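**Student:** this one's sequence-less:
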């Protein structure tokens with residue numbers, strides 16, 4: 001698993017090999033659904049190859065709200081708080097992702113607390129940055 005994502009930056013080859021043994025690499029064809037809005041999800045996904053479209057159902061129409069590329073991640077909230085997905089994610093061409101479930105993270109923690117802590121710390125940093133950006137957007141909207 002190449003270190004394409006900020007979540008895995010500065011992990012050693014051995015640490016990446018350990019991580020990959022607790023997750024799963026999956027390939028998707030064009031237009032294949034990885035996650036459906038409203039369905040349960042408890043996985044963290046890292047985009048290794050290709051592009052993924054993030055779609056939200058708005059009045060019965062799926063509108064693209066983001067495109068994810070190699071190095072991007074999704075599902076960070078789901079590993080801490082499994083529940084219904086807030087969007088549909090579809091491959092926009094041949095793609096490959098690495099994913100790990102919340103149970104996989106628990107097993108990783110038992111096997112290597114240090115590596116699990118580093119990964120969870122990176123996930124927390126990612127979520128914190130997104131929360132700050134959303135807070136800024138809310139403040140901008142309120143001040144208009």
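**Tutor:** Good, I have the coordinates. The structure presented is a predicted model; accordingly, all values stated were derived computationally and were not measured.
**Student:** Skipping its backbone neighbours, what lies nearest residue 105 in space?
**Tutor:** Nearest non-adjacent residue to residue 105, counting by Cβ to Cβ, 6 or more residues apart in numbering: residue 79, 5.9 Å away. The way it works is simple: take the backbone N, C-alpha and C, and place the C-beta from them, glycine included.
**Student:** swap that for residue 66, sorry
**Tutor:** Once flanking residues are discounted, residue 66 sits nearest to residue 54: 4.1 Å by Cβ to Cβ, 6+ apart.
**Student:** Can you tell me the SS state at the one you found?
**Tutor:** Recorded secondary structure, residue 54: strand (DSSP: H, G, I helix; E, B strand; the rest coil).
**Student:** related to what we said a few turns ago, the residue nearest to residue 105 contacts residue 106, correct?
**Tutor:** No - between residue 79 and residue 106 there is no contact under Cβ atoms under 8 Å: 9.8 Å.
**Student:** Which one's more surrounded, these two?
**Tutor:** Between residue 79 and residue 106, counted using other Cβ atoms under 10 Å, residue 79 has the larger neighbour count: 23 against 13.
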